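Peer 1: what follows is a predicted protein model with its sequence.
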Amino acid sequence: MYRILLTGTALGVALTGTIALASPGHDSSIGQPGDATMVDRTITIEMDEMTFSPEVIEVQPGETIRFEVVNVGRAVHEFNIGTNETWNSHRDEMTSMMREGMMTTRQLNHDRMMEAGMMHDDANSTLLEPGETGDVIWTFPDGGEIGFACNVPGHREAGMLGDFRLGHGS
Ligand SMILES: [Cu+2]
């Protein structure tokens, strides 16, 4: 596990809730929303039942990547950058979204989401209906264990997740 110093920017992002910080002694960060004018490269990711393609992506420390995410499947899928801890709470949130009629396995109900104040527009994720394409621009930290997963209930459990391999730079 790498130790990451929190800069003012990272703290600001943490306060908005887009980064989940582990408990003291396990300082880690999944990175921060990227600046669209600072993108180093674009990677296209396809989501299907229940896979991401590619499912392993190598990234460099500090690199800003634009992920162009395409849902080629027949179910609602999500691309979400995080860790097991962030995903567990997020999946619970999505379970209640389904219970409240904000989404089904095949459709999103944006009106219901807006009424409930759940816009589901976190910078680290994109939730897509079949055929939709979404963007996530993300700046990676210097280290840590970070991956990507779909938190539609049952999908990550069925293997819908992937790994970022953080290179070591110089
Ligand atoms: Cu999924």
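Peer 2: Everything's here; your move. As the structure is a prediction and not an experimental result, all values here were calculated from the model. Residues are numbered from 1 along each chain as shown.

Peer 1: list the contacts of the most centrally placed residue in the chain.
Peer 2: Using Cα atoms, centre = their mean, the residue of the chain that lies closest to the mean C-alpha position is residue 80, 1.9 Å off. By Cβ atoms under 8 Å, 6 or more residues apart in numbering, the contact set of residue 80 is 86-87, 90, 122, 124-125, 148-151. For every residue, glycine as well, the C-beta is placed using N, CA and C.

Peer 1: now the residue nearest to residue 35 when sequence neighbours are not counted, which residues is it bridged with?
Peer 2: Closest residue to residue 35 apart from its sequence neighbours, by Cβ to Cβ, 6 or more residues apart in numbering: residue 64 at 6.7 Å. Beta-bridge pairing for residue 64 (DSSP bridges): residue 139.

Peer 1: picking up where we left off before, the residue nearest to the centre of the chain belongs to a strand?
Peer 2: Yes - applying DSSP: H, G, I helix; E, B strand; the rest coil, one finds residue 80 inside a strand.

Peer 1: for it, which non-adjacent residue is spatially closest?
Peer 2: residue 125 (3.8 Å).

Peer 1: all helices of this protein, in order?
Peer 2: For the chain, the helices defined by DSSP state H occupy 8-16, 84-99, 110-115.

Peer 1: and for residue 98, the neighbour number?
Peer 2: 14 (other Cβ atoms under 10 Å).

Peer 1: how many neighbouring residues does residue 124 have?
Peer 2: 22.

Peer 1: measure it to the ion for me?
Peer 2: Using Cβ to the ion, to the nearest Å, one gets 16 Å for the distance from residue 124 to the ion.
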